[in-house]
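K.L.:
Fold the following, please.
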Amino acid sequence: MSELSNQILIDNPRRSKISRYRPYWLVVVPLLAILFQVNIPLFFRHLSYLELPLLVTVYFSLMRREPVTCTLIGAAIGLVQDSMSNHYIGVFGIVKTLVGYFAASVSLRFDVQNITVRLVLSFFFFFFHQFFLWVLGRALLGQNITFDLLQTLLFGAFNALVAVPLFLILDRLRERT
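P.N.:
Sure, this is the predicted structure:
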């Protein structure tokens, strides 16, 4: 293996460290992200493209490294976001459940402390999130919506750039062992 792959890949997934957080952070941070998502775009329209609940779901899933727990975290964040938005109940719940599971599964293989890995995974999971929202809208709800690839890529880059400093801030909430 090359030196770069040794920095990005985890040699032994069992040696990877699961991050622990105080229980109130697992409630307060997603709730603040959802309130941001619902209220701030009313005043600043351009921030409606920032998907903070998704970024929080990705962060906690990458750091916890437990697919079952992260599936439940993603479902809870998605359902609360559904209840506070004007979307159908369950759409964000389904998509964030998938994101939580897959992000936790990916974190077992990659060193998620690496900033480049965080940037790429944030971009990927934003694209994944938007694609599955489109699929659910078309397949389950019968909505005639389009998937604008260029717009999704641009907003994915924007969200990934916001994710890096956000993840560094959220790193400070981890319990010290």
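
K.L.:
Next secondary structure after the lowest-mean-pLDDT helix or strand in the chain?
P.N.:
Of all helical and strand segments in the chain, the minimum by mean pLDDT, DSSP states H and E falls on helix 3-8, at a mean of 54. With elements assigned by DSSP states H and E, the helix or strand that comes after helix 3-8 is helix 23-39.

K.L.:
Could you tell me which residues within stretch 158-170 count as buried?
P.N.:
Going by neighbour count (16 or more other C-beta atoms under 10 Å), the buried part of stretch 158-170 is Phe158, Asn159, Ala160, Val162, Ala163, Leu166, Phe167, Leu170. C-beta: built from backbone N, CA, C; applies to glycine.

K.L.:
My read is that the first one contacts Leu50, right?
P.N.:
Which is Phe158. Yes. The pair Phe158 / Leu50 is scored as a contact, 7.0 Å apart, by C-beta atoms under 8 Å.

K.L.:
so where's the longest helix in this protein?
P.N.:
Ranked by number of residues, the top helix in the chain under DSSP state H is helix 115-139.

K.L.:
Packing partners of that helix?
P.N.:
The helices and strands touching helix 115-139, judged by 3 or more C-beta pairs under 8 Å, 6 or more residues apart in numbering; DSSP states H and E, are helix 52-64, helix 91-107, helix 149-171.

K.L.:
among those, which is nearest Val135?
P.N.:
Closest approach to Val135 among the helices and strands packed on helix 115-139 (C-beta to C-beta): helix 91-107, 9.0 Å.

K.L.:
Spit out the contact partners of the residue nearest in space to the middle of the chain.
P.N.:
Of all residues in the chain, the one closest to the mean position by C-alpha atoms, centre = their mean is Val58, 2.7 Å from it. Applying C-beta atoms under 8 Å, 6 or more residues apart in numbering, one finds that Val58 lies in contact with Val99, Ala103, Leu121, Ser122, Phe125, Ala163.
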